[in-house]
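> Using only what follows, build the 3D model:
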Amino acid sequence: MGGGNVAHRATLRRSLDLFAAFRVEQTDPDRFYGALAADSVAMARQWLPLAGAKVVDIGGGPGYFADAFTGAGARYAGLEPDAGELTARGVVGANTVRGSGLDLPLADASIDLAFSSNVLEHVPDPVRMAQEMVRVTRPGGVVFLSWTPWLSPWGGHETSPWHYLGGKRAADRYAARTGHRPKNDFGRTLFACPVRPMVSWARGAERAGRIEVLDLFARYHPRWARWVARVPGLADIASWNVVIVLRAHS
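Numbering: from 1, shown residues only. Prediction:
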């Protein structure tokens, strides 16, 4: 597996900066999502030149990623299923529509980069979404999948760490304490997405000649700790977020 130059830039300082931004996600979303989008674009361009590239961002949200990809010269299109997310910044992000990652409204082999950040855990069939992303990516194009494993410290999102006692129990506990259901409600808007099934799917698709697995790593970890995403079991617990990068074949 190649790794572009991701390892070169995956420093401890970067990890600490992202974690600091993450801590203010609720109070200062501009800081967090702006930093995450900029980091994502810098990461994606290790595998594909973005200037002029056709990019579809599944789960693009309110426009932070649109700004970052467009700023890098990409021809960006965003797809977001949640109407609330679409207007979280007051207006719908540039060239973004409402739709499902499970049925992408795009032609086969029409995209240079199919990108998703923290989305697979929010769909009931993550393999189907990954297959859709491969379908719309041209031969030689790149598919970037990033998600939060269920057994990671943030697997339950705002219901963490109680998700370790069960997703529904954690969501019910949150509702009892706050008077409303969590945004990431287990079984409705949040699902368990372990690492092994996604890696097994990717390896199977690679053996079938549909894709090439370019890299698998812990997204927010520094270079010396990226390997934890490749260890069965440990990957789910010790990876705050996992990335699989694929090259589409014909």
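
> Spit out the contact partners of residue 160.
153, 154, 170 (CB atoms under 8 Å, 6 or more residues apart in numbering). Quick note: C-beta positions are derived from backbone N, CA and C, even for glycine.

> ok, now which ones touch the first one?
The neighbours of residue 153, taking CB under 8 Å, 6+ apart as the test, are 160, 161, 240.

> With the second one instead?
For residue 154, the contact set (CB under 8 Å, 6+ apart) comprises 148, 160, 240.

> Helix, strand, or coil at it?
coil (DSSP: H, G, I helix; E, B strand; the rest coil).

> which element is the nearest residue to residue 192 once chain neighbours are set aside on?
Distances taken as CB to CB, 6 or more residues apart in numbering place residue 150 nearest to residue 192, at 3.8 Å, with adjacent residues excluded. Residue 150 is part of no helix or strand, with elements assigned from DSSP states H and E.

> Isn't residue 150 up against residue 235?
No - under the criterion of CB atoms under 8 Å, residue 150 makes no contact with residue 235, lying 11.5 Å away.

> out of those two, which sits in the more crowded spot?
Using other CB atoms under 10 Å as the criterion, residue 150 and residue 235 rank with residue 235 on top: 23 against 20.

> Tell me the backbone dihedrals of the residue nearest to residue 192, please.
Phi and psi for residue 150, reported as degrees, to the nearest 10, are phi -60, psi -40.

> List the contacts of it.
By CB under 8 Å, 6+ apart, residue 150 lies in contact with 121, 156, 163, 167, 192, 193, 194, 236.

> ok, residues contacting the longest helix anywhere in the chain?
Ranked by residue count, the top helix of the chain under DSSP state H comes out as helix 29-44. Under the criterion CB under 8 Å, 6+ apart, residues 6, 9, 14, 17-18, 21-22, 24-25, 50, 61-62, 64-65, 67-69, 71-72, 88, 113, 115, 117, 142, 144, 146, 243 lie in contact with helix 29-44.

> buried subset of those residues?
Buried members of the contacts of helix 29-44, counted by 16 or more other CB atoms under 10 Å: 6, 14, 18, 21, 50, 61-62, 64-65, 67-69, 72, 88, 113, 115, 117, 142, 144, 146, 243.

> Setting aside sequence neighbours, what's the nearest residue to the residue positioned nearest the centre of the chain?
Computing the C-alpha centroid of the chain and ranking residues by CA atoms, centre = their mean puts residue 117 first, at 2.1 Å. Of all residues not flanking residue 117 in the chain, residue 146 sits nearest, at 4.9 Å (CB to CB, 6+ apart).

> Ok, residue 144 next?
Excluding the flanking residues, the one nearest residue 144 by CB to CB, 6+ apart is residue 115, at 4.7 Å.

> orientation of whichever helix or strand that neighbour is part of relative to helix 29-44 in degrees?
Taking DSSP H and E as the definition, one finds residue 115 inside strand 111-117. Put simply, strand 111-117 runs at 140 degrees to helix 29-44, going by axes from the mean of the first three to the mean of the last three CA atoms, to 10 degrees.

> For whatever helix or strand comes next after strand 111-117, the averaged confidence score.
With elements assigned by DSSP H and E, the helix or strand that comes after strand 111-117 is helix 126-136. For helix 126-136, mean pLDDT is 98.

> Tabulate the CA atom coordinates of helix 126-136 in CSV.
Extracted C-alpha coordinates of helix 126-136, given in CSV (Å, rounded to 0.1, in the frame of the first residue of the first chain):
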residue,chain,number,x,y,z
PRO,A,126,-22.0,1.6,4.9
VAL,A,127,-20.8,-1.0,2.4
ARG,A,128,-23.5,0.1,-0.1
MET,A,129,-22.4,3.7,0.3
ALA,A,130,-18.8,2.7,-0.4
GLN,A,131,-19.9,0.7,-3.4
GLU,A,132,-21.8,3.7,-4.7
MET,A,133,-18.7,5.9,-4.3
VAL,A,134,-16.6,3.4,-6.3
ARG,A,135,-19.3,3.2,-9.0
VAL,A,136,-19.3,7.0,-9.7
